[in-house]
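# How does the following fold in three dimensions:
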Amino acid sequence: MTVISVELDTSGLNCPLPILKAKKALAGLRGGQVLRIIATDPESVRDFETFSQQSGHELLEAQEESGKFLFLMRKRLD
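Take a look at the predicted model:
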């Protein structure tokens, strides 16, 4: 079971705000901690995949549930 350190709800926000808010939240975490992001923007799926590849943070999970998109991201170890 993955331990979630922080949850971030970006419901109602469109690109690029969910990514910007996630980037800020990840900056406040220690390496290895996990951020759970809730988004409603369908583009967020592609955005978080790209963000993960570019930033080095690991996208552990991406799923859709009842019209919301849920992501788990592990902060990279610095």
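# which residues does residue 37 contact?
Listed by CB atoms under 8 Å, 6 or more residues apart in numbering, the contact partners of residue 37 are 7, 8, 10, 18, 22, 25, 44, 48, 70, 71, 72, 73. C-beta: built from backbone N, CA, C; applies to glycine.
# what's the distance between it and residue 53?
16 Å (CB to CB, to the nearest Å).
# do residue 12 as well
26 Å.
# re earlier: separate out the buried members of the contacts of residue 37.
8, 10, 18, 22, 25, 44, 48, 71, 72, 73 (16 or more other CB atoms under 10 Å).
# now, which of those lie within strands?
Assigned to strands by DSSP state E, the following of the buried ones among the contacts of residue 37 qualify: 8, 71, 72, 73.
# In this structure the third one contacts residue 4, no?
Yes. The pair residue 72 and residue 4 qualifies as a contact (CB atoms under 8 Å) at a distance of 7.2 Å.
# Common neighbours of these two, please.
The contact lists of residue 72 and residue 4 share 34, 35, 36, where a contact means CB under 8 Å, 6+ apart.
# Could I have the buried ones of those residues as PyMOL selection syntax?
Filtering the shared contacts of residue 72 and residue 4 down to the buried ones (16+ other CB under 10 Å) takes a single PyMOL command:
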select buried, resi 34+35+36
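# Include pLDDT and secondary structure when you put the shared contacts of residue 72 and residue 4 into CSV, please.
Below are these laid out as CSV (pLDDT from 0 to 100; DSSP: H, G, I helix; E, B strand; the rest coil):
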residue, pLDDT, secondary structure
34, 98, strand
35, 98, strand
36, 98, strand
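# okay if I get the shared contacts of residue 72 and residue 4 as CSV plus distance to residue 60?
Below are the shared contacts of residue 72 and residue 4 laid out as CSV (distance: CB to CB, whole Å):
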residue, distance to residue 60
34, 7
35, 10
36, 10
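# between the shared contacts of residue 72 and residue 4, which is nearest residue 63?
Of all the shared contacts of residue 72 and residue 4, residue 36 has the smallest distance to residue 63: 11.2 Å, by CB to CB.
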